[in-house]
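Colleague: Sequence unavailable; structure follows:
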């Protein structure tokens, strides 16, 4: 009879189950189940989260449109001051300055983006972050917002 190899075991053709996953798959499933049980016993529960598809056509344009809408909002200054206060209390969260700088660069707020890049450079956790901030700042100073945006997003 013809034989096939599955999970390192020779089996006859009539013994093969098309859904056979082998002993390793079973061990993996048990390990994952034990991990999930441990998380549940710690008081956590699994959730499904839907996020925007940033590769969708028109996504960047919609982000830019929304950024321009709030750019002239009278409450923006109040929100920015609150965010600065929060970030001042949690300086390890430097990435928020980077994200806000990229959003401002995308919406054409070059001076605001430069300010956020400066804050990011001060709060950056490592020399690579500070070097990135320096390059982005130089690009913004040269009015090359596209280059700065590319650096800040990656």
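Modeller: Perfect, thanks for sending it. Quick caveat, the model's predicted, so the values are computed rather than measured.

Colleague: residue ranges for the strands of this protein, please.
Modeller: Per DSSP state E, the chain has strands spanning 3-6, 9-12. These are given in chain order.

Colleague: Pop the domain breakdown of the chain in here.
Modeller: Here the chain is described, according to automatic domain parsing, as comprising the domains 3-41, 59-153.

Colleague: Surely residue 97 and residue 125 touch.
Modeller: No. Under the criterion of C-beta atoms under 8 Å, residue 97 lies out of contact with residue 125, with a separation of 11.8 Å. Any C-beta I mention is one placed from the backbone N, CA and C, and that applies to glycine too.

Colleague: of the two, who's got more company?
Modeller: residue 97 (25 against 12; other C-beta atoms under 10 Å).

Colleague: Spatially nearest residue to the more buried one, not counting backbone neighbours?
Modeller: Nearest in space to residue 97, with sequence neighbours left out and distances taken as C-beta to C-beta, 6 or more residues apart in numbering, is residue 120 at 3.8 Å.

Colleague: and if you look at residue 102?
Modeller: Take residue 102 and drop its neighbours on the chain: the residue closest to it by C-beta to C-beta, 6+ apart is residue 152, 3.9 Å away.

Colleague: how much space is there between the one you found and residue 85?
Modeller: Counting by C-beta to C-beta, to the nearest Å, the gap from residue 152 to residue 85 is 22 Å.

Colleague: So between the two, which is more surrounded?
Modeller: residue 152 (27 against 10).
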